[in-house]
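Asker: give the three-dimensional model of this entry:
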Amino acid sequence: MYRGEADERARLLNFAAQLITVPLDDSGTLAERMSKTFPWMLALSPADRESCARDLVEAARASSSTDQRHLAIEELTSWKETATAVAAGLGRSDLEWLDDAERVERP
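Answerer: Residues are numbered from 1 along each chain as shown. A predicted model of the protein is given here:
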């Protein structure tokens, strides 16, 4: 096994270990329980937390049933990076598009 494969496997096992703890707490919705295990989810809107929770569980199931570790890791990374961007304030302001954008040559 290559180093990258071992690292990916370790990340998946860590994610699975965290995910397994979610059903132990029987209070609240799935998203609320997962937010306790993955506190970065709190940066997301309530609707996005629900989507995130559902997507992470589905990705974990697909990953384990197809032996494709990258499915769960990519979904986890994608949602975590989205939460990080939201927490940093990205996406809060309206974009100002330039109508008279000047075209430049490719380098």
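
Asker: what mean pLDDT does stretch 19-35 get?
Answerer: Mean pLDDT, computed over stretch 19-35, is 88.

Asker: so which bits of it are buried?
Answerer: For stretch 19-35, burial by neighbour count (16 or more other CB atoms under 10 Å) applies to 19, 22, 30-35. From N, CA and C alone the C-beta is placed, and that goes for glycine too.

Asker: and the helix or strand where Ala59 lies, average pLDDT?
Answerer: Per DSSP states H and E: Ala59 is located in helix 46-66. Averaged across helix 46-66, pLDDT comes to 94.

Asker: spatially, which two of the buried residues of stretch 19-35 are the most separated?
Answerer: For the buried residues of stretch 19-35, the maximum inter-member distance is 14.8 Å, found between Leu19 and Glu32 (CB to CB).

Asker: make a markdown table out of the buried residues of stretch 19-35 and add secondary structure and distance to Ala6.
Answerer: Below are these laid out as a markdown table (DSSP: H, G, I helix; E, B strand; the rest coil; distance: CB to CB, whole Å):
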| residue | secondary structure | distance to Ala6 |
| --- | --- | --- |
| Leu19 | helix | 20 |
| Val22 | helix | 26 |
| Leu30 | helix | 31 |
| Ala31 | helix | 32 |
| Glu32 | helix | 34 |
| Arg33 | helix | 30 |
| Met34 | helix | 27 |
| Ser35 | helix | 30 |
